[in-house]
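Trainee: Below is the structure, and that's it, no one-letter string:
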C-alpha cells in the first residue's frame, strides 16, 4: 500500500456572490516510500493548491474539498485541524518556493529551527540548539552555530532554502512536499538543492512529492510524473515513458517548448500558444482544446477520459493523442539518452561545475558532446520503439 | 546603541532652537498681547507701554530671543504673565497629572485595541470584526468632551461608582517620588493612594483613550491581515506549531511594527490634547492652564509648553525607534 494515496482530489473555491472556481478537479496519484512523484504544470494548473490541501493549509472558509487523500490509512482531508497540526512538521513536511519570504524576518534562524524540535520532539534549550546546528550542518550550511544566531536577511538565498529544508526534515517526516523549491534560486544553487533532496530521499526513504514547472527538475529527480492542466491530470507516466513519448498534446508541447543549446542559430522558440486562461470547462470538453494544435470537434464532446494509448501505466487524457513522436525526432538524440543525460547532470556532481538544472538544453548539449556520433544512428531505434507501442 | 541614543538626544538641541525661533517670530506677529489681555480693552496706550516695558516686550525680537535663550540655559522658562510664578514651577506642578492621564489612556488603548484588532483580522467578516470596525468608527466620531461628559454623568454622578473630579480624594496623599500618583503609591507602598488615584483616573482615561483605541484597532487589524497572508506564517503553520506560538511569535511580532509607530504619535498628541477631558473632570492637568494662557496671551507659558511638547515628541520617537530595533533586526541600530 502506498504511503500517500490521493484519490479523485477536487478543490473548489467558493466565494459569496462569485462563481465557484474548481482549482483541482479529480486528481489521483500515489506516492510510495522512497519514491519521488512530480506534479508538473504551468502557473494556475492547481499544483500548489493540491500541496496546500494535503498539508491542511487551505482556509476552512470558502474552500470545498472532495475525494480522499489517505496517508498511512488516515484521510488527510477529513482530519480535525488539531490532529492535522500534530501531523504537520512531524509526519508531513513542506518546503516552500521563496525561501526569503518563507522565513520570519524578525526572529533568528535558530529559533525557527528549534521551535519545531520543541513542538514535536520535546527538545529544549541547549539540546535543541545542538540538534538544530546538526541539522543545518546536515543540509550543508557551513558554520552552523553562528548561522543559528543570524536572521534570514543575513543568509544567502541558497542557505535560506537549506535552512527551510532543515526545518522540514527536522522531525524526519516520512512524507515531504516540495513546492517549486528551486524556482527562486540561481541555477548552480538549484542543482545543489536538488542533489540534497535526492540524498534525503535515498538515505531516509522519504517519500517526496515534487511540485514544479521545471522539466529539468523532473528529469533529474522524479520517478513518476503527473502533468496537470487546468486542475486535471492530463498525462501520468513514469519519467522515462514521459520523456520518451509525451503523448498528450500539452505534455508534448511542454517538452517541445524547451529551448535547445544545439538548435541552429535563429531558430524560433516553439511556445504553446495562448495562456492557461484560454480554456473551456472540463465538463464541455478538453480544457486544453483552445490552445491545442491537434484539436477536432470530438474534443468538445464532454470530458476526455484517462486512457492508456501507448502502454500500460501511461495514462493520457486525450481523444487525439500525439502518437507520431515528432518530439523525439527533433531532439536529435534518442529520448532514452536524453533522459539519462538530463538525470545525470541535473543535480550536478559536486566536483563538476554546477550546471543549470534545465533538462532540455543541458541534456541535449551533453548528449551531443558525449555521444555526438550515436545520435543519428539511434534515430531508427526510437522509431522502432514507437511502432512497437 | 548608546551612541545612537546620544546622537538622537543631541539632535534635540537644533530641533528646539529652530522651533523657538519660529515661535518668537510667530508670537511677535500676533495681534494683541499680554498687556491688552491683562488690562482689558479700555487700556490707554501709556499703560500698555508700561506693561510691555515691564515684560521686556518693548525690545526688538532678537533681544527678547537672546534673553529667552540665556534664561533657558539656566533652566528658567520665564515668569507667567498671569500668575506671576515661574513657568517651570507651574509646569512641574501640573505636567505630571497630564502625563499620568495620557499614559493611562494609551496603556488602555493598547490593551484593548491590539487584541481586538488581532481577533477582528483573524475572523475577518465575522461578528467581532464588524463590531470592532464599526465601534472604532463611532469612537473616532464621538467628540471626546461629549464622551467625557456622558461617562462622568452616568458613572460618577448617577451611579456613584467613581469620583467625579480631581486626581486624589482630599486627605489621601502619596509621598511624591515621580509625581505620578499611581506609581508613587506603588513605589512607597501606599496602596490606598494608588487605588484612589486609579479610581480618579479611570473615567478620564477611558474618554481620552476613545480615539487612540479606534486608531489602534484599525492599524492592528490591517497589519495583521497583511501578515496573515505572508509566506512565513504559512511556513510556521506547516511546522505544526501551536496556535499561540504562531500568533505571538510569527504574526503579532511582525504585525505590531507599524502599530508601535502610531502608538508613539498618539501618545504625543494625548499630552497636548487632554485639555477638554481634563476640564470636564477638573483633573488639574496642564490642559486648563494652557487654555487660560492662550486667552491671556501668556507668552512665556505658551512658548514653554510648545517646547515641552516638542521635546516629548522627540523623546517618544526615540523610544519608538529603540523599540523598533529591539523587534526588527533589519533596522537594528549600532
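Mentor: All right, it came through fine. None of the values given here were measured: they were computed from a predicted structure.

Trainee: Could you say which helix or strand holds residue A:11?
Mentor: Following DSSP states H and E, the helix or strand that holds residue A:11 is strand A:4-13.

Trainee: Pairing partners for whatever helix or strand comes next after that strand, with directions?
Mentor: Sequence order places strand A:21-31 as the next helix or strand after strand A:4-13, per DSSP H and E. For strand A:21-31, the paired strands and their directions (DSSP bridges) read strand A:4-13 (antiparallel).

Trainee: ok, back up a step: tell me which residues of the strand holding residue A:11 come out buried.
Mentor: A:4-6, A:9-13 (16 or more other CB atoms under 10 Å in any protein chain shown). Every residue, glycine included, has its C-beta placed from N, CA and C.

Trainee: In those residues, find the pair that's most separated.
Mentor: Distance extremes for the buried residues of strand A:4-13: the farthest pair is A:5 and A:13 at 24.2 Å, using CB to CB.

Trainee: near chain A, which residues of chain B show up?
Mentor: B:230-232, B:234-243, B:245, B:249-250, B:253-254, B:327-330 (CB under 8 Å from any CB of the partner chain).

Trainee: Of these, grab the buried ones for PyMOL.
Mentor: This is the PyMOL syntax for the buried subset of the residues of chain B next to chain A, where burial follows 16+ other CB under 10 Å:
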select buried, chain B and resi 230+231+232+234+235+236+237+238+239+240+241+249+250+253+254+328+329
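
Trainee: Out of the residues of chain B next to chain A, name the ones that lie in helices.
Mentor: B:231-232, B:234-238, B:243, B:245, B:253-254, B:327 (DSSP state H).

Trainee: tell me the contacts of the residue of chain B found nearest chain A?
Mentor: Taking CB to the nearest CB, chain A has its nearest neighbour within chain B at residue B:240, 3.5 Å off. Listed by CB atoms under 8 Å, 6 or more residues apart in numbering or on different chains, the contact set of residue B:240 reads A:84-90, A:116, A:119-120.

Trainee: 10 Å instead, please
Mentor: For residue B:240, the contacting residues are A:55-56, A:84-93, A:116, A:119-120, A:171, B:246, by CB atoms under 10 Å, 6 or more residues apart in numbering or on different chains.

Trainee: Buried ones from those residues, can you make that a ChimeraX selection?
Mentor: In ChimeraX syntax, the buried subset of the contacts of residue B:240 is picked out as below (16+ other CB under 10 Å):
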select /A:55,56,84,85,87,88,89,90,91,92,93,116,119,120,171 /B:246
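
Trainee: Now the helix or strand encompassing residue B:71: buried residues?
Mentor: Using DSSP H and E, the element containing residue B:71 is helix B:61-73. For helix B:61-73, the neighbour count (16+ other CB under 10 Å) marks B:64-65, B:68, B:72 as buried.

Trainee: Tell me which of the contacts of residue B:240 fall in helices.
Mentor: A:55, A:84-87, A:116, A:119-120.

Trainee: just the residues you listed that are near chain B?
Mentor: Among those, proximity to chain B is found for A:55, A:84-87, A:116, A:119-120 (CB under 10 Å from any CB of the partner chain).

Trainee: possible to save those as a markdown table with distance to residue B:287 and pLDDT?
Mentor: Below are those laid out as a markdown table (distance: CB to CB, whole Å; pLDDT from 0 to 100):
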| residue | distance to residue B:287 | pLDDT |
| --- | --- | --- |
| A:55 | 56 | 91 |
| A:84 | 55 | 90 |
| A:85 | 51 | 90 |
| A:86 | 56 | 90 |
| A:87 | 59 | 90 |
| A:116 | 53 | 92 |
| A:119 | 51 | 90 |
| A:120 | 56 | 90 |
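
Trainee: Out of those residues, the closest to residue A:225 would be?
Mentor: residue A:55 (21.0 Å).

Trainee: if we can go back for a sec, does anything pack onto the helix holding residue B:71? Which helices or strands?
Mentor: With contacts taken as 3 or more CB pairs under 10 Å, 6 or more residues apart in numbering or on different chains; DSSP states H and E, helix B:61-73 sits against helix B:2-29, helix B:299-327.

Trainee: Scan chain B for its longest helix.
Mentor: Max-length helix for chain B by DSSP H is helix B:191-228.

Trainee: Can you list the buried residues in it?
Mentor: B:193-194, B:196-197, B:200-224, B:227-228.

Trainee: Determine the number of other residues adjacent to residue B:146.
Mentor: By other CB atoms under 10 Å in any protein chain shown, 12 other residues sit near residue B:146.

Trainee: now residue A:271
Mentor: 10.

Trainee: Okay, now stretch A:182-189: how far is its last residue from its first?
Mentor: 8 Å (CA to CA, to the nearest Å).

Trainee: An error on my part: the question was meant for stretch A:277-290.
Mentor: 10 Å.

Trainee: average pLDDT for that stretch?
Mentor: Average pLDDT, stretch A:277-290: 85.

Trainee: which residues touch that stretch?
Mentor: Residues from elsewhere that reach stretch A:277-290 (CB under 10 Å, 6+ apart): A:22, A:25-26, A:44-45, A:229-232, A:234, A:248-250, A:253, A:272-276, A:291-292, A:294-304, A:317-320.

Trainee: what about the stretch 151-300 of chain B, any weak spots by pLDDT?
Mentor: B:169-177 (pLDDT under 70).

Trainee: need the contact list for the residue nearest to the spatial centre of chain B.
Mentor: By CA atoms, centre = their mean, chain B has its centre lying nearest to residue B:271, at 2.2 Å. For residue B:271, the contact set (CB under 10 Å, 6+ apart) comprises B:95, B:98-99, B:101-103, B:106, B:285-287, B:308-309, B:312-313, B:316.

Trainee: repeat for residue B:28
Mentor: Contacts of residue B:28 (CB under 10 Å, 6+ apart): B:57, B:60-61, B:64-65, B:299.

Trainee: what's the answer for residue B:86, then?
Mentor: Neighbours of residue B:86 in contact, by CB under 10 Å, 6+ apart: B:75-80, B:92, B:300, B:304.

Trainee: Now the buried members of those residues.
Mentor: B:77-80, B:300, B:304.
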